[in-house]
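S.K.: Structure for this input, please:
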Amino acid sequence: MTKRCSVDFIYERTLEILISKKIPVKDAKIFLDSMLYADLCGISTHGIRMLPIYIKKIDEGNFAFDEIEIIKSFSAFTVMNAKNNIGAISIVKASEMAVTKAEIDGIHTVFLRNSNTFGSGLYFVEKIANAGLIGLICCNSPAAMPAFNGIEAMLGTNPLSFAIPTKSYGNIVLDMATSVVAKSKFSLAKANGEKLEKGWALDKEGKPTVDPDEAIKGLVLPVGGFKGYGLSMLIDIISGLLSGSAFLSDVGKFYTENGKCMNVGQLVVAINPDLIYEGDFKADMDKYIEKVRKSKSISGKNIIIPGDRSKKRKLENERLGILLDEMTIEKLEYLYGQKMRYGSQ
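M.R.: Modelled structure (predicted):
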């Protein structure tokens, strides 16, 4: 069962806690904003439900908050060392570097090593698009998918996100895993007492399963079969191996007791259309969207542009409050030391 909870209340209480943990205020706000943005856009798997485990890891000294290091930098690319920072904090700093360089050179790529998972990519690519640039982010992740025809976890669900600005219609955005679903959905289904969809997972013996417990111990399947498998491998190579990070089954897990950096590899690309395109790019993006919208659709259906659903959810959740399950509410109330406020309270 879920309830709508006050975003303002969660923001205020969480920021107090993060600052009390000696996290710099700017970094604490980035981290908090990224989680709440996921909830607002309906991606609750990467939202504020993750806060209690993050606080536990912070208390245990599992993250460092040192200044991110620039290892090498050229006009085309920069290599940075996240130095085991929280993933949301380091990816924003890498994105800021990509934007600053792309504004001058037209396009810039940042490779980030020694990082940790950043959750949903939407918040980060939208920051790039809100600066007027095209943003693309991808990263590798702990092994959860087999090689094609295999039954051993070799590749992560390796997400890819992009955002493209327009003049009048907001950003075109996509945030996707290269698996048919993010593996975190297995835990969410378990928490909600739900079965999985067919075609999502294999058990540890390589047999199809809809049982979330068996899926958690087993494997998630790639989106589009061999195509998703190949895309996941590409992301693992260019964001993991090429950046000097861990790759394949050597990527560390988030839920671990050893306290080590996951050593996730991340890649950020910022493209400045104003330097590349001859004309008004954002105005022509409006025309692009309008042409797609006017294309023939299935009877009774509307044409959907990437980002439509997340924008709709965001407007609704900003007005009514974010949806949280009872277990998450209980954990947050324990952490805050007071009862949750609901709706727009």
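S.K.: going forward, measure contacts and count neighbours with C-alpha atoms only.
M.R.: Noted.
S.K.: tell me the pLDDT at the residue nearest the centre of the chain?
M.R.: Nearest to the geometric centre of the chain sits residue 120, at 1.7 Å (CA atoms, centre = their mean). Residue 120 is assigned 94 on the pLDDT scale.
S.K.: cool, and residue 344?
M.R.: For residue 344, pLDDT reads 56.
S.K.: Repeat that for residue 331.
M.R.: Residue 331 is assigned 97 on the pLDDT scale.
S.K.: do the same with residue 186
M.R.: 88.
S.K.: Look up the closest residue to it, ignoring the ones flanking it.
M.R.: Take residue 186 and drop its neighbours on the chain: the residue closest to it by CA to CA, 6 or more residues apart in numbering is residue 212, 5.1 Å away.
S.K.: For residue 268, which three-state class applies?
M.R.: Of the three states, residue 268 takes strand according to DSSP: H, G, I helix; E, B strand; the rest coil.
S.K.: Name whatever forms a beta bridge with it.
M.R.: Counting by DSSP bridges, residue 268 is bridged to residue 110, residue 137.
S.K.: and if you look at residue 153?
M.R.: residue 146.
S.K.: Report how many residues lie close to it.
M.R.: By other CA atoms under 10 Å, 18 other residues sit near residue 153.
S.K.: Please tell me how far it sits from residue 139.
M.R.: As judged by CA to CA, to the nearest Å, residue 153 and residue 139 stand 17 Å apart.
S.K.: if we can go back for a sec, in contact with the residue nearest to the centre of the chain, which residues?
M.R.: Contacts for residue 120 were tallied using CA atoms under 8 Å, 6 or more residues apart in numbering; they are 34, 38, 43, 46, 175.
S.K.: Doesn't residue 173 belong to a strand?
M.R.: Yes. Checked against three-state DSSP, residue 173 lies within a strand.
S.K.: Check the contact between it and residue 126; I expect there is one.
M.R.: Yes. Contact between residue 173 and residue 126 holds when scored by CA atoms under 8 Å: they sit 7.5 Å apart.
S.K.: Between the two, which contacts overlap?
M.R.: Residues touching both residue 173 and residue 126 (CA under 8 Å, 6+ apart) are 162-163.
S.K.: Quick check: which element contains the residue nearest to the centre of the chain?
M.R.: Under DSSP states H and E, no helix or strand contains residue 120.
S.K.: In contact with the closest residue to residue 214 other than its chain neighbours: list those residues for me.
M.R.: In space, and not counting its chain neighbours, residue 214 is closest to residue 203: 5.2 Å by CA to CA, 6+ apart. Residues near residue 203 by CA under 8 Å, 6+ apart: 209, 214-215, 217-219.
S.K.: at 6 Å what do you get?
M.R.: 209, 214-215, 218 (CA atoms under 6 Å, 6 or more residues apart in numbering).
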